[in-house]
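Visitor: Just a sequence and a predicted model for now, questions to come.
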2 protein chains.
Amino acid sequence: MFFQLIRTDSGTRARAGLIRTGHGDVETPVFMPVGTQGTVKSVSPQEIETLGSRLLLANTYHLYLRPGEALVAEAGGLHRFIGWPYPILTDSGGFQVFSLAELRTVNDDGVTFRSHLDGSRHRFTPEKAVDIQTALGSDIQMVLDECVGFPADEKTVIKAHERTLRWAQRCRSRFLDVRETMGWPGTQFGIAQGGVIPAIRKESASRLVDMDFDGYAVGGLAVGEPGAMRAEMTELCTGIFPQNKPRYLMGVGKPEDIIEAIGLGIDMFDCVIPTRNGRNGTVYTATGKLIIKNKTFERDFGPIDPGCGCYTCLHFTRAYMRHLLHSGEMLGQRLATIHNLYFFMRLVREAREAVLQSRFSAWKNAFFDVYYGRDPQ
Amino acid sequence: MFFQLIRTDSGTRARAGLIRTGHGDVETPVFMPVGTQGTVKSVSPQEIETLGSRLLLANTYHLYLRPGEALVAEAGGLHRFIGWPYPILTDSGGFQVFSLAELRTVNDDGVTFRSHLDGSRHRFTPEKAVDIQTALGSDIQMVLDECVGFPADEKTVIKAHERTLRWAQRCRSRFLDVRETMGWPGTQFGIAQGGVIPAIRKESASRLVDMDFDGYAVGGLAVGEPGAMRAEMTELCTGIFPQNKPRYLMGVGKPEDIIEAIGLGIDMFDCVIPTRNGRNGTVYTATGKLIIKNKTFERDFGPIDPGCGCYTCLHFTRAYMRHLLHSGEMLGQRLATIHNLYFFMRLVREAREAVLQSRFSAWKNAFFDVYYGRDPQ
């Protein structure tokens, strides 16, 4: 069994579960650090492991362009290449093609684009997206989809939604063809699109369920839409996705967005927020975000977050972090990244414990009271 | 006793010793990683500790300008500020003033300069150099000296040499005045100058010995002079420095230079070579240097150095290192830095073991046979 639903909260849709892969188990809800080019920027696999992470996201688009999936396969697969023995989820590359690559032309067969690195010409089809992820040795593959921005007119949304479903079917067929020959228990997730149009979202989710994927993702959100719309679309999808499969909200997000989505029945998250913000010197604490470069921290000899047990908080002060970041020392970016990832890991771990004790809403309210500095009711 | 000479090699001047400080013992010969702005670029104190380093060099000039020695003192001293509980040697700031700062004007009283960061005006005197290092909480202070480049005419060399001795005396007086009030067992090294003129070098070394420092450095070398001249000057100095005090060859150097200097009786080294080269992708192995970004390593799935036990070599391949460095991932710079520092640490540790077994020359020849790919005789 790929996914084991351990408990659902009473009063919300929040779930605690276990994903089982050929590279070990992953407790859910889970936040995946993003290893864009195979590495989570500035930190080592050993540090990621120490933070308690057991599921990493790697970007197919980047690894396809450099060093190429053939080289990774020759190295013994992505796990060996990057020195990460735990599970890896790969995206399909589609999101980066639609956001990073140049001169895209998309038709029903696939998408042609130029590399953002050297302008070279490439083509992704649904089948190719599966083949690349298979070559990388991914534990959890994502289907190639077409993501529209926000806002988008209904015609554009419907067209992308229908193409996404056709591509999903082709991805699933290819995946089922190669699954037996992989030599490891690979899995594949479908991705629901449909913009913020409820009827299209519902149809997208339902038709994916008919294709019997190993898990289901909500895609095309966190692209600028209001939070209430995101919540509505997420809830629609999790109401349709089967209980016995994991659900993944792609590209989300801020701590508050993750907590809300867990309450709506989401199990998996990924986002560059903790890592990118860390490198820019924005750090998360129980009482909210801090811009650690600010003058106010110049002589602040306490840790970033007094209640935090991460390597950074146990050894270094806000004043030293400010010094490192002002001095352009990469150790500062690294220590901030470690702290932020620890914060996100702890967040989803605490959410899980709350679900296991059927007190998710109480935990969530208590977290927000402190995070937003609200007076407890 | 600050320095314990444990053994001198038979046949060379190579020594094995122990430096005892208020922050712990340091086995010599020792190579000091350079923590320019308080941190060894890209690596954490925990990693430096794991590499076996027990003595760090920090740059007074940089820390004086940013964040300022007063802030460091307020933080509880440099050890606490940077999270390094082991000994720290600070330079005097003089070398950076003479190499980095702008619009220098030097007279017998001291040197006025503009910050390379913001153009602000500052003045270092011998007394000020001691006061800053005392505020930082240094275990081993260096005197303010005037370093001339190579080549330099005799008049320039003599003038700088005489000024260096006058400054050394003033530094010593100031240090002895404040030593009792420090609250920890601080020490101070004199620095011999004199360019590559044997008579001046001898006089510089002799007159420093008369001032009774806790240790002695050979300064003003590794600035472009031929290796034979450097060796000659080093040998002159170590022939004059007392046996019962540690000797430090500043800014050296390459593995081969370190080994040669150990044979001439040097105990301490510092250099940015392993760290700076690491960040540029040049890595050291038992059989010489490698430029890891080279195409030849694209599909090389072995470690940087098959005989190396560092974190990098135990977990990652040359192909992955090449990928990281080509992709601009700072983890690549960090892993190369770790490897190079490990190589330098191992080098001096092996030299020490060879001295303890009175077989330094044999060890040195065996090292060079492999390093230079020579057929063993």
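Guide: On my side now, so go ahead. Fair warning: this is a prediction, and the values are worked out from it, not measured in the lab.
Visitor: what's the domain layout of chain A?
Guide: Structural domains annotated on chain A: A:3-270, A:278-371, as defined by automatic domain parsing.
Visitor: Save these as TSV, and put in mean neighbour count, mean pLDDT and distance to chain B too.
Guide: All C-beta atoms are positioned from the backbone trio N, CA, C, and that covers glycine. As requested, the domains of chain A are arranged in TSV below (neighbours: other C-beta atoms under 10 Å in any protein chain shown; pLDDT from 0 to 100; distance: least, C-beta to the nearest C-beta, whole Å):
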stretch	mean neighbour count	mean pLDDT	distance to chain B
domain A:3-270	20	96	4
domain A:278-371	19	98	4
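Visitor: Is it possible to get CSV of the ones you listed that adds distance to residue B:234?
Guide: Putting the domains of chain A into CSV (distance: least, C-beta to C-beta, whole Å) gives the following:
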stretch, distance to residue B:234
domain A:3-270, 38
domain A:278-371, 33
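Visitor: quick one, which of those domains is nearest to residue B:312?
Guide: domain A:3-270 (9.3 Å; C-beta to C-beta).
Visitor: hmm, back to that, among the domains of chain A, which comes closest to residue B:373?
Guide: domain A:3-270 (27.8 Å).
Visitor: Go ahead and measure how far the closest one is from the middle of the chain.
Guide: Averaged C-alpha coordinates place domain A:3-270 at 7 Å from its chain's average position (C-alpha atoms, centre = their mean, to the nearest Å).
Visitor: gap between the two ends of that domain?
Guide: Criterion C-alpha to C-alpha, to the nearest Å; first-to-last residue distance in domain A:3-270 is 18 Å.
Visitor: same check, this time on stretch A:44-58
Guide: Rule used - C-alpha to C-alpha; the end-to-end distance of stretch A:44-58 is 14 Å.
Visitor: isn't residue A:160 right next to residue A:148, touching?
Guide: Yes: counting by C-beta atoms under 8 Å, residue A:148 is a contact partner of residue A:160 at 4.7 Å.
Visitor: shared neighbours, these two?
Guide: Residues touching both residue A:160 and residue A:148 (C-beta atoms under 8 Å, 6 or more residues apart in numbering or on different chains): A:193, A:195, A:220.
Visitor: What residues does the nearest residue to the second one once chain neighbours are set aside make contact with?
Guide: Sequence neighbours aside, residue A:157 is the residue nearest to residue A:195 in space, at 3.8 Å (criterion: C-beta to C-beta, 6 or more residues apart in numbering or on different chains). With contacts taken as C-beta under 8 Å, 6+ apart, residue A:157 has the following neighbours: A:148, A:193, A:194, A:195, A:197, A:200.
Visitor: what about stretch A:111-119, start to end distance?
Guide: 15 Å.
Visitor: which residues of the stretch 151-300 of chain A fall in helices?
Guide: Using DSSP state H, counting those that start in this stretch, the helices found in the stretch 151-300 of chain A span residues A:154-179, A:198-210, A:227-240, A:255-263, A:273-280.
Visitor: do you know which of these lies nearest residue B:311?
Guide: Judged by C-beta to C-beta, the one of these that comes nearest to residue B:311 is helix A:273-280, at 20.9 Å.
Visitor: which outside residues touch that closest one?
Guide: In contact with helix A:273-280 (C-beta under 8 Å, 6+ apart) are residues A:33-34, A:40-42, A:253-254, A:283-284, A:289, A:333, A:336-341, A:343-344.
Visitor: Just the C-alphas of that helix, formatted as PDB.
Guide: Taking Å, rounded to 0.1, in the frame of the first residue of the first chain, the C-alpha atoms of helix A:273-280 are listed here in PDB:
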ATOM      1  CA  ILE A 273       9.500  30.300   0.400                       C
ATOM      2  CA  PRO A 274      11.600  29.000   3.300                       C
ATOM      3  CA  THR A 275      14.700  28.700   1.200                       C
ATOM      4  CA  ARG A 276      14.400  31.800  -1.000                       C
ATOM      5  CA  ASN A 277      13.300  34.000   1.900                       C
ATOM      6  CA  GLY A 278      16.100  32.600   4.000                       C
ATOM      7  CA  ARG A 279      18.700  33.600   1.400                       C
ATOM      8  CA  ASN A 280      17.200  37.000   1.400                       C
END
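Visitor: what's the distance between that helix and the middle of its chain?
Guide: Put simply, helix A:273-280 sits 14 Å off its chain's centre (C-alpha atoms, centre = their mean).
Visitor: Just want the angle from it to helix A:255-263.
Guide: Counting by axes from the mean of the first three to the mean of the last three C-alpha atoms, to 10 degrees, helix A:273-280 points 170 degrees away from the direction of helix A:255-263.
Visitor: I figured residue A:358 was touching residue A:10, is that so?
Guide: Yes: contact criterion C-beta under 8 Å: residue A:358 and residue A:10 qualify, at 4.6 Å.
Visitor: What residue in chain A is the furthest from its centre?
Guide: Distance from the centre of chain A peaks at residue A:299, with 36.0 Å (C-alpha atoms, centre = their mean).
Visitor: Without its sequence neighbours, what residue ends up closest to that one?
Guide: Once flanking residues are discounted, residue A:299 sits nearest to residue A:319: 5.8 Å by C-beta to C-beta, 6+ apart.
Visitor: sorry, back to before: which residues does the residue farthest from the centre of chain A contact?
Guide: Residue A:299 makes contact with A:319, B:71, B:74, according to C-beta under 8 Å, 6+ apart.
Visitor: Quick check: the gap between the last one and residue A:302.
Guide: Per C-beta to C-beta, to the nearest Å, residue B:74 is found 13 Å from residue A:302.
Visitor: cool, the second one as well?
Guide: The span separating residue B:71 from residue A:302 equals 15 Å under the rule C-beta to C-beta.
Visitor: Repeat that for residue A:10.
Guide: In terms of C-beta to C-beta, residue A:10 sits 39 Å off from residue A:302.
Visitor: next one: residue A:128
Guide: Using C-beta to C-beta, we find residue A:128 at a distance of 52 Å from residue A:302.
Visitor: repeat for residue A:46
Guide: Counting by C-beta to C-beta, the gap from residue A:46 to residue A:302 is 27 Å.
Visitor: Repeat that for residue A:267.
Guide: Following C-beta to C-beta, the distance that separates residue A:267 from residue A:302 is 35 Å.
Visitor: beta partners of the most centrally placed residue in chain A?
Guide: Note on chain A: the residue nearest the mean C-alpha position is residue A:270, at 1.6 Å, using C-alpha atoms, centre = their mean. Applying DSSP bridges to residue A:270 gives these bridge partners: residue A:32.
Visitor: Surely it is in contact with residue A:31?
Guide: Yes: in this structure, residue A:270 is within contact of residue A:31 by C-beta under 8 Å, at 7.3 Å.
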